[in-house]
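Colleague: Attaching a predicted model along with its sequence, questions to come.
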Amino acid sequence: MPVEMIQTKRLFQQVFEQLADLIAKGEFPLGQRLPAERDLARQLGVSRATVREAMIALELSGLVEVRVGAGIFVVADRAPQPMRSKGDELGLGPFELMEARRLVECEIAFLAAQLIQDSDIEALEASLALMAREHDEGFVSEDGDRGFHIAVARATRNNALIKMVELLWELRETSPMWARLHQRVRAVQVRAASLDEHLQIIEALRQRAPDLARRAMDAHLRRATDDLLRVSEAEFAGEVDEEERRRGQRAVAQ
């Protein structure tokens, strides 16, 4: 009997495919604006972050177009078949990636605080200084941020944990969905370095305080996730907040 392997689809992919099917069936005709994310999240019983990831997938598939100040509109009624059937081509969702980072890096910070040496603190301070320079230069690169989080992992002296953090950053850098959302965040011009949060992590590690280090890392990654959702909302919902523009609100320099 011919059988096919059972595939476990990610939640945002299920939402993406359901919306793509509705578009194909004419429930959302060409030129129509899609419902608000809040409404879709409530109707589908998922988080707004999941809906946001599905919207990015729809945009990458060519089915919808994001129009700043207006919303998200249907521009095609058929997605390319590979995109419809092969979720891996979408890459990791930004919010599922951030969730994984929180689970992994908070516990790494807890362990690092117990094992960290003075040389590790110096490496973290050097990464923070590089972050400050990159902030002043408009984030042409994020070497300081990446180096900081890998340096925390290195303080554990556990090669498996170091590889895990390196892999999470590699997955971020190769994800089309992350790249598209980051492009949106940059377009709103509200992205700034979370230097204070990184400094708090260093101070917790310097004190060799595991619980404090875990909380500092968790607060940082939670804030980064919340800001990623809030700041990109201006683009996806067509509701740019000029006051937040002027304040130069923090976003996703994790």
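Modeller: Structure's in. What do you need? Residues are numbered from 1 along each chain as shown.
Colleague: Following the chain onward from the host helix or strand of Ala113, which element is next?
Modeller: If you go by DSSP states H and E, Ala113 is part of helix 94-115. Counting by DSSP H and E, the element after helix 94-115 in chain order, helix or strand, is helix 118-136.
Colleague: thinking again about what came up before, could you list the buried residues of the helix holding Ala113?
Modeller: Neighbour-count burial for helix 94-115, counted by 16 or more other CB atoms under 10 Å, picks out 94-98, 100-102, 104-113. Using the backbone N, CA and C atoms, a C-beta is placed for each residue, glycine as well.
Colleague: now could you export just the CA positions of it as PDB?
Modeller: C-alpha atoms of helix 94-115 as PDB (Å, rounded to 0.1, in the frame of the first residue of the first chain):
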ATOM      1  CA  PRO A  94      11.000  35.300  13.300                       C
ATOM      2  CA  PHE A  95       8.900  34.700  16.400                       C
ATOM      3  CA  GLU A  96       9.500  30.900  16.600                       C
ATOM      4  CA  LEU A  97      13.200  31.700  16.400                       C
ATOM      5  CA  MET A  98      13.000  34.200  19.200                       C
ATOM      6  CA  GLU A  99      11.100  31.700  21.300                       C
ATOM      7  CA  ALA A 100      13.900  29.100  20.800                       C
ATOM      8  CA  ARG A 101      16.500  31.700  21.700                       C
ATOM      9  CA  ARG A 102      14.700  32.500  25.000                       C
ATOM     10  CA  LEU A 103      14.500  28.800  25.900                       C
ATOM     11  CA  VAL A 104      18.100  28.200  25.200                       C
ATOM     12  CA  GLU A 105      19.900  31.400  26.100                       C
ATOM     13  CA  CYS A 106      18.300  32.100  29.400                       C
ATOM     14  CA  GLU A 107      19.500  28.700  30.800                       C
ATOM     15  CA  ILE A 108      22.900  29.400  29.200                       C
ATOM     16  CA  ALA A 109      23.100  32.700  31.100                       C
ATOM     17  CA  PHE A 110      22.200  30.800  34.300                       C
ATOM     18  CA  LEU A 111      25.100  28.300  33.800                       C
ATOM     19  CA  ALA A 112      27.500  30.900  32.600                       C
ATOM     20  CA  ALA A 113      27.100  32.900  35.800                       C
ATOM     21  CA  GLN A 114      28.400  29.900  37.700                       C
ATOM     22  CA  LEU A 115      31.400  29.300  35.500                       C
END
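Colleague: From the contact counts, what lies against the one helix or strand Leu221 maps to?
Modeller: Following DSSP H and E, the helix or strand that holds Leu221 is helix 210-237. Contacts defined by 3 or more CB pairs under 8 Å, 6 or more residues apart in numbering; DSSP states H and E place helix 210-237 against helix 37-44, helix 48-61, helix 94-115, helix 176-188, helix 195-206.
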